[in-house]
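**Q** Sequence first, predicted coordinates after that:
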Amino acid sequence: MGSQGPKEITIHVTGFKKFQGVPINPTEAIVSNLKSYVEKKGLPDGVTLGSCTVLEVSGEGALPQLYQTLESGVSESDTNSNANVVWLHLGANSGATRFAIERLGANEATFRCPDELGWQPQQFPIVLEDVGISRKRETSLPVDAIYKFLKGKSYDVMISDNAGRFVCNYVYYHSLRFAEQKGNKSLFVHVPLFSSIDEETQMRFTASLLEAIASAC
C-alpha cells in the first residue's frame, strides 16, 4: 500500500467574552481577528485554522456552544482520515504578565466569583462520572516541545500545572475528556490582559502557537 503522506492538522480555537473584573477580554479580540490575521501571515503547509468561537464565561452556559464546536470538529475529521484535530482554548488571566501553557485540567469547579449566569459552585465535580474532584486530565500534546518552540521565538511563556478552578478550567476539563474519547488533542493557554502584553504581540504569539502545535504534532 502507498503512503498516505503527512497528517494534515486542523486547529479549532476558542476564547471568552467579558467576565467580572475583566470588561474587555483579550481572547475575544484574538479569536475574533485570528482568521484575517493568519490569512495575511500564512500558516505552515498542512495546517488549517478551523472554527474560531467566543464562549460565554459561564460553566454550564458555555457547554452547548463548546460541544457544538467539538462535535463539528469530529464530524469534519470523520470525512478525512488523514486529518488531525486539535482544540486550542485561550483564556485571560488578569493577574498574569506572561503566557501560560496549561498541562492539566482538574475535575473541580470552585469559582472565586459568580460566572456570567450567576453560578458560583464550590468544590463541585465538573463531570460526576469521573469519581471526585481530585481527578485530573493531562493534554496529550507535548507541552515541553511547544514551550521550547515559543521560547525560541522569544515569547515570555511558562508551563503551568494549575489552570485554576474557574470557567477556563471548567471548559478545559470537558475538552480534554472529549478529546481523549475521540482520539484528538486539546490544549489551554492563558494570556495576560492587553495592558500587560499588547494586542499585536498577542496576535503574533497566537499565530506562533498554531505553528508550535503543528510542529509538535
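**A** Cool, the structure landed.
**Q** Show me the shaky parts of the chain.
**A** 1-7, 76-82 (pLDDT under 70).
**Q** which residue is nearest the middle of this protein?
**A** Compute the mean C-alpha point of the chain, and by CA atoms, centre = their mean the closest residue is His89, 1.5 Å away.
**Q** report the longest helix in this structure, please.
**A** helix 59-78 (DSSP state H).
**Q** Does Tyr170 lie in a helix or a strand, and which?
**A** helix 167-182 (DSSP states H and E).
**Q** where do the helices sit along this structure?
**A** So, for the chain - with DSSP H - the helices run 26-41, 59-78, 143-152, 167-182, 199-216.
**Q** Would you mind giving the orientation angle of the first one with respect to helix 167-182?
**A** Taking axes from the mean of the first three to the mean of the last three CA atoms, to 10 degrees, one finds that helix 26-41 is oriented at 60 degrees with respect to helix 167-182.
**Q** ditto for the last one
**A** On the basis of the same axes, to 10 degrees, helix 199-216 is oriented at 20 degrees to helix 167-182.
**Q** Against which helices or strands is helix 199-216 packed?
**A** Counting contacts by 3 or more CB pairs under 8 Å, 6 or more residues apart in numbering; DSSP states H and E, helix 199-216 packs against strand 8-16, helix 26-41, strand 47-55, strand 83-92, helix 143-152, strand 185-191. C-beta coordinates here come from the backbone N, C-alpha and C atoms, glycine included.
**Q** mind redoing it with 10 Å?
**A** strand 8-16, helix 26-41, strand 47-55, strand 83-92, strand 99-102, helix 143-152, strand 157-160, strand 185-191 (3 or more CB pairs under 10 Å, 6 or more residues apart in numbering; DSSP states H and E).
**Q** Show the contacting residues for Val86.
**A** Residues in contact with Val86 (CB atoms under 10 Å, 6 or more residues apart in numbering) are 9-13, 47, 50, 73, 139-141, 179, 184-187, 210, 213-214, 216-217.
**Q** Could you rerun that using 7 Å?
**A** For Val86, the contact set (CB atoms under 7 Å, 6 or more residues apart in numbering) comprises Ile9, Ile11, Asn184, Lys185, Leu187, Ile213.
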